[in-house]
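[1] Please find the sequence and the predicted model below.
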Amino acid sequence: MAEHDASVLTLRRLVHRFGKRVVLDIDRWSAAKGRHCLIEGPSGSGKSTLLHLIAGLLRPDSGEIILEDQPLGALSGRALDRLRSQRIGIILQNFHLIEALDVRANLRLAQSLSGSQPEPEVIDALLAQLGLSGLAQNKPAALSQGERQRVAIIRAVLNRPTLLLADEPTSALDDRHAEAVLKLLIDQADAAGATLLMATHDSRAKAHLPVGLKLGDPSLRERPTC
Amino acid sequence: MLIELSLAYLRERPLITALNTLLLALGVGVIVLLLLVSERLEQRLTRDAAGIDLVIGAKGSPLQLILSSVYHVDIPTGNIPFEEVERWRHHDLVEAVIPLALGDSLGSFRIVGSEPAYPEHYGAEFAEGRYWQAPLEAVLGASVAAKTGLAVGDRFAGNHGLAPGGPAHADHPYTVVGILTPTGSIIDRLVLTGIDSIWRSHGLIDDIGDGDDGHGDAGPDVDHHEEDTAAEASSGKSTLSPPAVTALLVTYRTPLAAVQLPPLVNRTPGLQAAAPAWEMARLLALIGVGVNTLRGFGLVLMAAAALSLFVALTTALQARRHDLAVMRTLGASPGTLWRQLLLEGALLAALGTVLGVLLGHVAAGLLALVSPDAEALGLRSLHIRVEELYVVALALLTGLAAAMIPALQAYRTDIVRLLASGR
């Protein structure tokens, strides 16, 4: 029980296959609240699949995923969508924004999909904090790569999620951008009160965050907690 | 927010949105215009023939007889002796007879020799002036007065023949003595006068005092006869030979007359009877073929619009698959993505429909401006038909149907595979 109190995420006997191939097999693992960490492993080791399972975009073949005290397996598809919109922030590698909408509308969309009341002041504050106030009316096409990344990060933390999941956010970036994104992710996760779990095989990330889970290496069984 | 997103997507590809909207608008516009025109046509045909049970005229095509004497669009089948007026007027089966004498026109308007009972049959009243009392006095229908600008007291020369541009009867000018209020019927487009005026303008009667006695044996003078023959060659059998009328509009006294009177008339040498209701049904059936063809054309346009919308949304979906993935990671349910696509289709359909209805009405207005025939039908751009609601509903449903398959594709998007491959 002591383990539960501090855990933001608990995995138990989690197994997932694609066809007959087992892509993920985690006996027991939990992440402590507020302790950001890396999920490491080479390509194809199941990092993305694990994030998709945690985000409720995918259901495991067996085992349990518990977000704080909520077992995801007990939830319907709609309830999973709602939970994801309110308690999980996701950052994809390509920092994809919706090109048809301007920056502010991209952020309002995230608020709206979570079912919360529009809070323009929250959006404005975050935009100002990340130096994007002047770009709020711009379409994503007019933004630089760095600016797009910042908007995508704001979008992920906007609803103050419990978990912030990032899938290879730095692997396509040069050193300078990778550094900036890492710092930003950590700062924003802290500010939003979220626990950051970052799937990566990018060694530059290790300078900033501890490795919490190592996938795809049978000789190195994962440590039981982050 | 979904509406805002859908509008943003539509704005993102203005050309494709505009083309799809236009395609749907054209389809809707054609059908709305058809509705407006065919309704006015039917109303007009019904109104003009109301209360006229039978038309008696010279032998020929019954449809032509109805068209020429009830609707004043075709040339008459010929003339019948004036004696027939009194003969049928006093027949037991007949309630009333209105004689008509045709032969002249004023521009594109016909000059009709008749009796006050004729305008009264259509409920016409005087805006000013009075009925004709002497020969060559004329009463103008409301449209004639408006179009020609003639006022009470003005004089004008009728043209010989029913087609515009015939030789003018400059030696027998008419004097306007009255102008009628609009009735929404054929009366609005006629110049009315006494039957003897027609005879007089054709030189059949020379002496004004002779006017009421239609049986006059004044022979046709040679000069006018030549003119008549020339006009006959160009506009058909439209001229009057010695005291005669062109047609009789008959109202039955009893329903029995519908059975007994037509055979009786048809047995009379040189006469035929035609029932407006019957001929009108034939005419509408003929028009119906054309209307249905055009309606089919409009439906094909709408189907093409649906197909085009389907293609546009399907390709858009392909381009936006990362948007779908992001929206799912933000917590959008598959149902939300489905609704967004449907909303996009519905918005475009609504835009096209509104534009199409406007287009149809503007086209009706333009048609009335450009074509005197359409104007004569009383075609108005602001007149709205209830049936247009069906067209609107059909167009909206078409848009929704076209969006349905792309929407289902959005619903079924395999988000995980997309995220795995979509870097």
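    Arrived safely.

[2] so what pLDDT did the residue in the stretch 301-423 of chain B that chain A sits nearest to get?
    Using CB to the nearest CB, the closest approach of the stretch 301-423 of chain B to chain A is made by residue B:331 at 2.1 Å. Every C-beta, even on glycine, is put in place using the N, C-alpha and C of the backbone. pLDDT recorded at residue B:331 is 90.

[3] Ramachandran coordinates for residue 131?
    I'll assume chain A. Here is the backbone geometry of residue A:131 (degrees, to the nearest 10): phi 70, psi 30.

[4] For residue B:184, list the residues it contacts.
    Applying CB atoms under 8 Å, 6 or more residues apart in numbering or on different chains to residue B:184 gives the contacts B:47, B:378.

[5] doesn't it fall inside a helix?
    No. Looking at residue B:184 with DSSP: H, G, I helix; E, B strand; the rest coil, it is coil, so not inside a helix.

[6] Tell me the predicted confidence for it.
    Residue B:184 is assigned 82 on the pLDDT scale.

[7] swap in the one 4 residues further on?
    Predicted confidence (pLDDT) at residue B:188: the value is 90.

[8] shouldn't it be in contact with residue B:141?
    Yes. If you go by CB atoms under 8 Å, residue B:188 and residue B:141 touch, sitting 4.3 Å apart.

[9] got the buried residues for the helix or strand harbouring residue B:357?
    Following DSSP states H and E, one finds residue B:357 within helix B:334-370. Under the neighbour-count criterion of 16 or more other CB atoms under 10 Å in any protein chain shown, helix B:334-370 has B:334, B:336-353, B:355-357, B:359-361, B:363-365, B:367-368 buried.

[10] measure the residue nearest to residue B:278 when sequence neighbours are not counted to residue A:152 for me?
    Nearest residue to residue B:278 in three dimensions, chain neighbours excluded: residue B:62, at 8.0 Å (CB to CB, 6 or more residues apart in numbering or on different chains). Using CB to CB, to the nearest Å, residue B:62 is found at 80 Å from residue A:152.

[11] same thing with residue B:252?
    Going from residue B:252 to residue A:152 by CB to CB gives 85 Å.

[12] try residue B:112
    Distance of residue B:112 to residue A:152, computed by CB to CB: 81 Å.

[13] picking that back up, so what does the residue nearest to residue B:278 look like in phi/psi?
    Given degrees, to the nearest 10, the pair of backbone angles that residue B:62 has is phi -60, psi -40.

[14] what does residue B:275 give?
    Backbone geometry at residue B:275, expressed as degrees, to the nearest 10, gives phi -90, psi 120.

[15] what's the nearest residue to it if we skip its chain neighbours?
    Per CB to CB, 6+ apart, closest to residue B:275 is residue B:54, 5.6 Å.

[16] For beta bridges, what are the partners of that neighbour?
    Listed by DSSP bridges, the beta-bridge partners for residue B:54 are residue B:250.

[17] Residue B:277 is in contact with that one, correct?
    No. The pair residue B:54 / residue B:277 is not scored as a contact, 9.5 Å apart, by CB under 8 Å.

[18] and those two? which has more neighbours close in?
    residue B:54 (24 against 14; other CB atoms under 10 Å in any protein chain shown).

[19] wait, what's in contact with that one?
    Residue B:54 touches B:250, B:252, B:257-258, B:261-262, B:265, B:273-276, counting by CB under 8 Å, 6+ apart.

[20] So which of the residues you listed belong to strands?
    B:250, B:252, B:273-274 (DSSP state E).

[21] ok, residue B:350 - contacts?
    Residue B:350 makes contact with B:396, B:399, according to CB under 8 Å, 6+ apart.

[22] Need the overlap of contacts for residue B:188 and residue B:141.
    residue B:180.

[23] out of those two, which sits in the more crowded spot?
    Taking other CB under 10 Å, residue B:188 and residue B:141 do not tie; residue B:141 has more neighbours (27 against 23).
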